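Asker: give me a 3D structure for the following:
(one chain, ligands or ions: 1)
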Amino acid sequence: MSDQALQVLREKISAVDEQLLALISERRTLTNDVAETKIAHHIPVRDQKREEQLLISLIKKGKALGLDPHYVTQLFHVIIEDSVLNQQAMLAERANPGSALPLNRVAFLGDKGSYSYLATQKYFSRRPGELLELGCQSFSEVVHKVENGEADYAVLPIENTTSGSINEVYDQLQHTELSIIGELTHPIRHTLLTATTTSLEKIKTLYAHPQVFTQCSHFLAELGNVEVKTMDSTSSAMLMVSELQRDDVAAIGSEAGGNLYGLIAIKSNLANQKENHSRFIVVARQAVSVPLQIPAKTTLVMSTVQKPGSLVEALTVLKNNNINMTKLESRPMPGNPWEEMFYLDVEGNVADGPVQNALAALKDITRYIKVLGCYPSEEISPTKVAAASALAE
Ligand SMILES: O=C(O)C(=O)C[C@]1(C(=O)O)C=C[C@@H](O)C=C1
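Answerer: Reported below is the predicted structural model:
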């Protein structure tokens, strides 16, 4: 194919892509209008019956156009997830009048390009107001900036699908009066980034955040004698490599982050697990109320009395109230050797009967219990379509 023919085809593809974007934006406007109706009539945001009907119809129509059912399903799962998250954000904002700020000052670990920076951008892209990014050197600085009023929000990674809980962040939660007001998950795609066009064999020094080294331990084990240098954040690792401009040093970070530092991706998918995601929490000085039309999560911290079975007893309270626990983490209590603080994430709203009943019962059997926050759940499970209905002619 001549260069000119290729150029013509690419221009046509770009024009189609532009139309797709315009249509996606039009769809979003319509779903925002649906949210207004849901607010006015107290209707739940999620309607999985409608989603299923939509998917079945789209799969059939896609098939007629030669499109693979899995491809169509994947595509619309992403589109519907976006629509649900936007509607949830709209409802949450309306339920907290005055919460929308013209300028959101947000503290996070690292600088431009860190995973926390990317998560911050994603979370606030659905919310009104400008974003002022306040990069920090440590998690305690991130939390402190919100406590002292320099920032309105902090975005903190709390767990990762490969390396597990981020203990330093749990420990920050033990000592703060801040409330969790939101959550989000973000894919973490570790990439080897260099300042010059080089090869993996030439790399002698590798810069990254300790969490990144944990998540990429299999890749590091295969590298042999490369010196590993830990940095405060992914962005400081990328900055270091961009400043050194050497062909024997590399950083591990996201490709999008690396682009901001002019770095080249020489190898991707470095994490031990292919599906590597981090869950972030958003904290603020004021707790929020979550409308009952959207799924909520509540995070609790508690310490149980020192007797056999006391944790089981506490968890039984959740069971008796039909509350699903999505996470349980224990952390040592400073100054009290061998005593533990338990952090629990449960599905449910503090304003709703089951969580209120459970909290009342837990108060009677625990030594200490505190609600760290109740917030909209951003875990949007994709609606499944029965294979038979999807494939039926
Ligand atoms: O139809 C609705 O109720 C919508 O809110 C729109 C929509 C969609 O994006 O298609 C989004 C969320 C619901 O779970 C179902 C469908």
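Asker: neighbouring contacts of whichever helix or strand residue 117 is part of?
Answerer: In the assignment (DSSP states H and E), residue 117 maps to helix 115-125. Here helix 115-125 makes contact (CB atoms under 8 Å, 6 or more residues apart in numbering) with 104, 106, 108-111, 131, 133, 135, 155-157, 182, 184, 186, 188, 233-235, 253-254, 256-257, 278, 280, 282. Where C-beta positions appear, they are placed from N, C-alpha and C, glycine not excepted.
Asker: filter the residues you listed down to just the ones in helices.
Answerer: Among those, the members falling in helices (DSSP state H) are 234, 235, 256, 257.
Asker: only whichever of those are buried, select them in PyMOL.
Answerer: To isolate the buried members of those in PyMOL, using 16 or more other CB atoms under 10 Å:
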select buried, resi 234+235+257
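Asker: from the ones in helices among the contacts of helix 115-125, which is closest to the ligand?
Answerer: Closest approach to the ligand among these (CB to the nearest ligand atom): residue 256, at 25.9 Å.
Asker: wouldn't the closest one be in contact with residue 113 here?
Answerer: Yes: between residue 256 and residue 113 there is a contact under CB atoms under 8 Å: 7.5 Å.
Asker: next, give phi and psi for residue 28.
Answerer: The phi/psi pair for residue 28 (degrees, to the nearest 10) reads phi -60, psi -40.
Asker: then the one 3 residues further on?
Answerer: Its backbone dihedrals place residue 31 at phi -70, psi -30, with angles given as degrees, to the nearest 10.
Asker: so it makes contact with residue 89?
Answerer: No: shown here, residue 31 and residue 89 do not form a contact pair, counting by CB under 8 Å, at 11.8 Å.
Asker: average pLDDT for the helix holding residue 117, rounded please.
Answerer: Helix 115-125 comes out with an average pLDDT of 96.
Asker: how about the residue in the stretch 101-250 of the chain that the ligand sits nearest to, nearest residue that isn't a chain neighbour?
Answerer: Nearest residue of the stretch 101-250 of the chain to the ligand: residue 126, at 14.1 Å (CB to the nearest ligand atom). Excluding the flanking residues, the one nearest residue 126 by CB to CB, 6 or more residues apart in numbering is residue 89, at 4.4 Å.
Asker: strand partners of whichever strand or helix holds residue 328, parallel vs antiparallel please.
Answerer: Using DSSP H and E, residue 328 sits within strand 325-333. As defined by DSSP bridges, the strand partners of strand 325-333 come to strand 336-347 (antiparallel).
Asker: just the buried residues of the partner strand, please?
Answerer: Across strand 336-347, burial judged by 16+ other CB under 10 Å covers 340, 341, 342, 343, 344, 345, 346, 347.
Asker: apart from its neighbours in sequence, what residue is nearest the last one?
Answerer: When the adjacent residues along the chain are set aside, residue 347 lies closest to residue 324, with 4.5 Å between them (CB to CB, 6+ apart).
Asker: for that neighbour, list the residues it contacts.
Answerer: Neighbour list for residue 324: 318, 346, 347, 348 [criterion: CB under 8 Å, 6+ apart].
Asker: now those in a markdown table, with pLDDT and distance to residue 84?
Answerer: Converted to a markdown table, these look like this (pLDDT from 0 to 100; distance: CB to CB, whole Å):
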| residue | pLDDT | distance to residue 84 |
| --- | --- | --- |
| 318 | 97 | 26 |
| 346 | 98 | 21 |
| 347 | 98 | 16 |
| 348 | 97 | 18 |
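Asker: turn the residues you listed into CSV, columns for distance to the ligand.
Answerer: Listed next are the contacts of residue 324 as CSV, based on distance: CB to the nearest ligand atom, whole Å:
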residue, distance to the ligand
318, 27
346, 23
347, 17
348, 20
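Asker: looking at those, spot the one nearest residue 172.
Answerer: Comparing the contacts of residue 324 against residue 172 with CB to CB picks out residue 346 as the nearest, at 20.7 Å.
Asker: tell me what the closest one is bridged to.
Answerer: Beta-bridge partners recorded for residue 346 (DSSP bridges): residue 298, residue 325.
Asker: at which residues are the helices of this protein located?
Answerer: Using DSSP H, helices in the chain cover 3-41, 48-64, 69-95, 115-125, 139-147, 167-174, 210-215, 217-223, 234-244, 255-260, 310-320, 353-365, 387-391.
Asker: compare these and give me the one nearest residue 289.
Answerer: Here helix 69-95 is closest among the helices of the chain (CB to CB), at 5.5 Å.
Asker: can you list the buried residues in that closest one?
Answerer: 69, 72-73, 76-77, 79-80, 82-93, 95.
Asker: that helix to helix 48-64, inter-axis angle?
Answerer: Angle between the axes of helix 69-95 and helix 48-64 is 150 degrees (criterion: axes from the mean of the first three to the mean of the last three CA atoms, to 10 degrees).
Asker: give me the mean pLDDT for helix 69-95.
Answerer: Here the average pLDDT along helix 69-95 is 96.
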